[in-house]
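Student: using only what follows, build the 3D model:
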Amino acid sequence: MSYYAKLRERILTIKGVFFLSPREIWFLKTLEDLGYPFEAVKEGLERFFSYVPPERRPKTPIYFAMKEIEKLKKRISKSSVPVKDWREKFRELVELARTYLKDLKVEEPRKEEEAELILRQLEKEVYKHLWNILPQEEKKDILKKYKAFKNDEEVFRLMVKGELKRRFGLKTFSLYVEEYNF
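Tutor: Next up, the predicted model:
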């Protein structure tokens, strides 16, 4: 079941509306595609809307809750225990990055936290590289598709990243996110 299906009634009740906008549904789908933990999304939305006065909730888009969701995602990822040995998963993800970044040199991390930071940096480099090699016409299509989010740089970047992830079939570069193909 998708995040939208699981959270629909709760969000509608919190906001006091009868339906979510297509952008809000799209936002939930993107968070799910990027591997955000369900609990972080649910709790982040609830926390964010607890700060918004009830009379302003119907007109406040759910993607404004991104900072709360991000905070909770970080907290959850710190407390999660990886299923695989973190060194093994780290090496797998570095090899994946090498398929895109040919001259990649990465030092072996000593700690799990260090490995996670290296993977975040690698992810940024891979997405930057993919964006640079993307044909100009496809870049324009992506920018046009997400122009509604242009005002919120963080959400806009997240949406573009999600689109690149879908187009190239990438995994999330993290020790703590397990992705399954159904």
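Student: center of this structure, which residue is that?
Tutor: When the chain is reduced to its mean C-alpha position, the closest residue under C-alpha atoms, centre = their mean turns out to be residue 34, at 4.0 Å.
Student: which residues in this structure form strands?
Tutor: Listed in chain order, the strands found in the chain under DSSP state E amount to none.
Student: longest helix anywhere in it?
Tutor: The single longest helix within the chain, with elements called by DSSP state H, is helix 112-133.
Student: which strands or helices does that one pack on?
Tutor: Here helix 112-133 is seen to pack against helix 86-98, helix 153-168 when contacts are counted using 3 or more C-beta pairs under 8 Å, 6 or more residues apart in numbering; DSSP states H and E. Where C-beta positions appear, they are placed from N, C-alpha and C, glycine not excepted.
Student: could you chop this protein up by domain?
Tutor: Each domain of the chain is listed here as a residue range: 3-78, 81-168, per automatic domain parsing.
Student: figure out how far the longest one is from the centre of its chain.
Tutor: In this case it means domain 81-168. Using C-alpha atoms, centre = their mean, to the nearest Å, the distance from the centre of domain 81-168 to the centre of the chain it belongs to is 11 Å.
Student: pLDDT averaged over it - what is it?
Tutor: Throughout domain 81-168, pLDDT has a mean value of 88.
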